[in-house]
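Undergrad: from the sequence below, what's the structure:
(chains A and B)
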Number of protein chains: 2
Amino acid sequence: MEKIKIGIAGYGNLGKGVELAVRQNKDMELVGVFTRRDPESVTLATPGVKAYRLDEAKSMKEQIDVMIICGGSATDLPEQTPELAQYFNVIDSFDTHAKIPQHFAAVDAVCKKSGHLGLISVGWDPGLFSLNRIYAEAILPSGKTYTFWGKGVSQGHSDAIRRIAGVKKGIQYTVPVEEAMEQVRSGAQPELTTRQKHTRECYVVAEEGADRKQIEESIKTMKNYFDEYDTTVNFITEEEFDAVHNKMPHGGFVMRSGMTGEGEKTHQMIEYSLKLESNPEFTSSVLVAYARALKRMKEDGMTGCKTVFDVAPSYLSIMTPEEQRAHLL
Amino acid sequence: MEKIKIGIAGYGNLGKGVELAVRQNKDMELVGVFTRRDPESVTLATPGVKAYRLDEAKSMKEQIDVMIICGGSATDLPEQTPELAQYFNVIDSFDTHAKIPQHFAAVDAVCKKSGHLGLISVGWDPGLFSLNRIYAEAILPSGKTYTFWGKGVSQGHSDAIRRIAGVKKGIQYTVPVEEAMEQVRSGAQPELTTRQKHTRECYVVAEEGADRKQIEESIKTMKNYFDEYDTTVNFITEEEFDAVHNKMPHGGFVMRSGMTGEGEKTHQMIEYSLKLESNPEFTSSVLVAYARALKRMKEDGMTGCKTVFDVAPSYLSIMTPEEQRAHLL
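TA: Predicted structure coming up:
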């Protein structure tokens, strides 16, 4: 069997996770990592594979089936995904929900011109959670969908804490409210405000002599980040911070509470949940599974930009369709 | 918008559920119900729609986009689905897992000859549970998948109880073992025997003067049905039986416990669950959503037999692809 040849653009947490995930799939091989840093400064985990400058990528376009782009959604991906789609079949984890239509249009235009296939917004939200929303809403048209996140680290909120004067280290966990989830499970279909669905837990190491009251106040009243939530701020030692808060766990729940039958009186509940010890490693694993799909969809003649909604599940599995029907159906 | 024209073959619990589910989808309309009973004896819930003899169906082939076949898997579907695929795009909920490959081949052969599209084994298991198995295994190749069923009524086991002498009424609930599920969620990846995963709860109304000890013994030792499980038998009054045990709830869990990262030491947990007040109504809802997909896939030029693995999620949604990306992704 000829292996699927993978390139990685960007070598942060996500890129490193993709490298490790590729190893777990015996039908794939890593061809190269492309970075904006000095390639000499980058040590890969894969023997015999080299790092290259990002602008060298296009010279290797014949050697790579799928380029997995591991940059950030704010500034990297809106530029890199269309750029690289000129030369490669591309896949990214673009997660700025509000800007998906515009990113889709940009990637689609380039792919249609270059004859490549692109797949954007692959991960768990957007990604697996989106899949669960579309399946559940199609099956139970009369009902209500709820998405809860956590317990997990929010990068954006942690960054916001760290920008406050007097904060040496800080991390923020988004925590779903158990009672709200139980209400949803009961079939009550409650209207839940932002505050009722999640709380925010912060752990902060203060600089020596810093005003802790002031830090706590600054966090709790921060617009858009914390002011609409019940937020707790815990001051801890640097030792505790480094020992306990050095991971990037995350997860969450997608729930659909729906009604069926005569007079829509029968309650039907669909629930999907993730409990992830490492958010970037899991997102990487989703990207790599979809890289397999991308290669096969390209072979089936597809071009342009797609999302997880356009990918038949069969494309993702290492098994043949016959094996899938015999063992997974 | 031209509506999707649905036919229903078979008017038991499932067929009635399909009729009600069609009403919940504003892009669909029911054209007719086809039954082996005397059509005069069948009263539909939908005003203006008629019941017909099953053998009249083919004369209406031009008026129906998708025929949803609601017979039983043991004897009806192996015959009806290939038969009706000569004239219609067909969809069924064939659920005898071991015989799926052979049913697939039979339906595929007819569809390829007639130019129709078939979709078999649509429901929740096989169906939504299968989808969760294929997604989760593709994403976490290193791991273990667990399927738990219940709490819910097993029709086959309930029938088996009712065949025992002295049993007037009987019902059986399959119950997943909470401790086993907790073990899975912990990441321990246990090897679980049949007995460790589920228990069986039976509720029996005995005939007057029947030997209850004998009934209980017959149930608990019944080969293939109960002997490998911890089974409890509760004798209750007919009043209680009729009041409490007149529903068909079901549900279950698909769990994938997987490991990622350097040395595969990071635990990642995917869990999907259903809690259904009515098993047939929910299965009907799944069939109806996939009928929409079938119509669209046929318009896209597909023929032959497919399963849920071959259906891109986008086909299921009443929304346009643009709306899906803006609101669900």
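Undergrad: buried ones in the lowest-mean-pLDDT helix or strand in chain A?
TA: Least confident element among the helices and strands of chain A, by mean pLDDT, DSSP states H and E: helix A:194-197 (a mean of 88). Of all the residues in helix A:194-197, those buried under the rule 16 or more other Cβ atoms under 10 Å in any protein chain shown are A:Lys197. C-beta coordinates here come from the backbone N, C-alpha and C atoms, glycine included.
Undergrad: pLDDT of the helix ranked longest in chain A, averaged?
TA: Longest helix of chain A, by residue count under DSSP state H: helix A:279-299. Average pLDDT, helix A:279-299: 98.
Undergrad: cool, stretch A:138-145 as well?
TA: Computed over stretch A:138-145, the average pLDDT equals 98.
Undergrad: and the helices in chain A?
TA: For chain A, the helices defined by DSSP H cover A:13-23, A:76-84, A:100-114, A:128-139, A:155-162, A:178-185, A:194-197, A:212-220, A:238-244, A:279-299, A:321-327.
Undergrad: list, one by one, the residues from the stretch 1-150 of chain A near chain B.
TA: For the stretch 1-150 of chain A, the contact set with chain B under Cβ under 8 Å from any Cβ of the partner chain comprises A:17, A:20-21, A:24-25, A:45, A:97, A:100-101, A:104, A:121, A:126, A:128, A:130-131, A:133-135, A:137-142.
Undergrad: and the residue positioned nearest the centre of chain A, how close does it get to chain B?
TA: The residue lying closest to the centre of chain A (Cα atoms, centre = their mean) is A:Gly123, at 3.7 Å. As judged by Cβ to the nearest Cβ, to the nearest Å, A:Gly123 and chain B stand 10 Å apart.
Undergrad: wait, that residue sits on A:His97?
TA: No: look at A:Gly123 against A:His97 with Cβ atoms under 8 Å: they stay out of range, at 11.7 Å.
Undergrad: for chain B, what's its nearest residue on the stretch 51-200 of chain A.
TA: Closest residue of the stretch 51-200 of chain A to chain B, Cβ to the nearest Cβ: A:Ala138 (3.9 Å).
Undergrad: let me know how buried that residue is, in neighbour terms.
TA: By other Cβ atoms under 10 Å in any protein chain shown, 25 other residues sit near A:Ala138.
Undergrad: residues in contact with stretch A:154-167?
TA: A:169-174, A:200, A:202, A:204-207, A:210-212, A:214-215, A:218-219, A:222, A:225-226 (Cβ atoms under 8 Å, 6 or more residues apart in numbering or on different chains).
Undergrad: buried only: go through these for me.
TA: The neighbour-count criterion (16+ other Cβ under 10 Å) marks A:169-174, A:200, A:202, A:204-206, A:210, A:215, A:218-219, A:222, A:225-226 among the contacts of stretch A:154-167 as buried.
Undergrad: number of residues surrounding A:Phe34?
TA: A:Phe34, neighbours per other Cβ under 10 Å, totals 27.
Undergrad: that one touches A:Ile6, doesn't it?
TA: No: at 11.5 Å, A:Phe34 and A:Ile6 do not qualify as touching, with contact defined as Cβ under 8 Å.
Undergrad: name the residues of stretch A:61-70 that come out as buried.
TA: Buried residues in stretch A:61-70, defined by neighbour count with 16+ other Cβ under 10 Å: A:64-70.
Undergrad: tell me which of these fall in strands.
TA: The strands, defined by DSSP state E, take in A:66-69 from the buried residues of stretch A:61-70.
Undergrad: so what's A:Ser285 up against?
TA: With contact set as Cβ under 8 Å, 6+ apart, A:Ser285 has these partners: A:17, A:21, A:24, B:139-140, B:258, B:260, B:268.
Undergrad: try it again with 7 Å
TA: A:21, B:139-140, B:260 (Cβ atoms under 7 Å, 6 or more residues apart in numbering or on different chains).
Undergrad: so which of the residues you listed is the most crowded?
TA: Counting neighbours by other Cβ under 10 Å, A:Ala21 leads the contacts of A:Ser285 with 28 neighbours.
Undergrad: quick one: A:Arg200 and A:Phe226 touch, right?
TA: Yes: A:Arg200 lies in contact with A:Phe226 (Cβ atoms under 7 Å); the separation is 5.9 Å.
Undergrad: how about low-confidence regions in the stretch 1-150 of chain A?
TA: Judged against pLDDT under 70, the stretch 1-150 of chain A has no low-scoring part.
Undergrad: rerun that using 90 as the cut-off
TA: Where the stretch 1-150 of chain A drops to pLDDT under 90, the residues are A:1.
Undergrad: gap between stretch A:293-305 and the chain center?
TA: 22 Å (Cα atoms, centre = their mean, to the nearest Å).
Undergrad: so what touches it?
TA: With contacts defined as Cβ under 7 Å, 6+ apart, stretch A:293-305 is touched by A:4, A:65-66, A:89, A:91, A:104, A:107-108, A:111-112, A:115-120, A:311, A:315-316.
Undergrad: what's the end-to-end length of that stretch?
TA: End-to-end distance for stretch A:293-305: 13 Å, by Cα to Cα, to the nearest Å.
Undergrad: swap in stretch A:36-50?
TA: Using Cα to Cα, the end-to-end distance of stretch A:36-50 comes out at 14 Å.
Undergrad: no further questions, thank you.
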